[in-house]
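[1] Give me the fold of what follows.
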Amino acid sequence: MPSRTGTCAGHYFKLGTGGSKSCEELSIRVDFRSARFIARNWTIAVRGNHVWDRLSGPAHRLDLSFSARGDAPARGLPHGIIGQSFASDRSRHGKVDLYPAEGTFETKAMAEGAIEGSAAQYEVASRYQTSFEFSRFDAPEVQPQLDLVLAPADAAAASDQNLQDLDL
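    Residues are numbered from 1 along each chain as shown. The predicted structure follows:
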């Protein structure tokens, strides 16, 4: 089997630094420490970064930024732990874990209070499964309605920094 990064329309392709690929509705661009994926009105940026003040474990992390343009949040009614930030004009604040300066800790908050239901209701049965209690993967796209409370298009982003700050 040939070395590959992915497949598109049954053909293998490989991307490295400075590479780009467009296939059907997906466009990918890879830079030295970042990548951008654009599909329809959604952009996902991935950037490598250091883990500052780490005690143990990996020294690097991946930061993800999501951006929606046009009517994407209204049409698809995004859901899930990240998607819910696009489907409301209200801030969502949930439980917060308190991490000690040293020793061990257990994550308990699991976004509860900021998401509908509990984190366990978003779990899937297997790696490629898309069915869970709040899933919209197989649901038809909806037409925006006046009574939906949606974030304005220019405010629909979930990111630790603006996409413009990335070297993409």
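
[2] The closest residue to residue 136 other than its chain neighbours: neighbouring residues, count only.
    Using CB to CB, 6 or more residues apart in numbering and skipping the chain neighbours, the partner closest in space to residue 136 is residue 79 (5.1 Å). From N, CA and C alone the C-beta is placed, and that goes for glycine too. Counted with other CB atoms under 10 Å, residues neighbouring residue 79 total 20.

[3] gap between residue 79 and residue 66?
    Distance of residue 79 to residue 66, computed by CB to CB, to the nearest Å: 13 Å.

[4] picking up where we left off before, I'd assumed residue 139 was in contact with the residue nearest to residue 136.
    No. Checked against CB atoms under 8 Å, the pair residue 79 and residue 139 is beyond contact range at 9.2 Å.

[5] Show the pLDDT at the nearest residue to residue 84 once chain neighbours are set aside.
    Leaving aside its sequence neighbours, residue 84 sits nearest to residue 115 (CB to CB, 6+ apart; 5.7 Å). Per-residue confidence at residue 115 stands at 82 (pLDDT).

[6] Now do the contacts for the nearest residue to residue 72 once chain neighbours are set aside.
    With sequence-adjacent residues excluded and distances taken as CB to CB, 6+ apart, residue 72 is closest to residue 41, at 3.7 Å. The contact partners of residue 41, by CB atoms under 8 Å, 6 or more residues apart in numbering, come to 68, 69, 70, 71, 72.

[7] Please apply the same query to residue 105.
    If a contact means CB under 8 Å, 6+ apart, then residue 105 has 97, 99 as its contacts.

[8] thinking again about what came up before, among the contacts of residue 41, which are in helices?
    Counting by DSSP state H, the contacts of residue 41 place residue 72 in helices.
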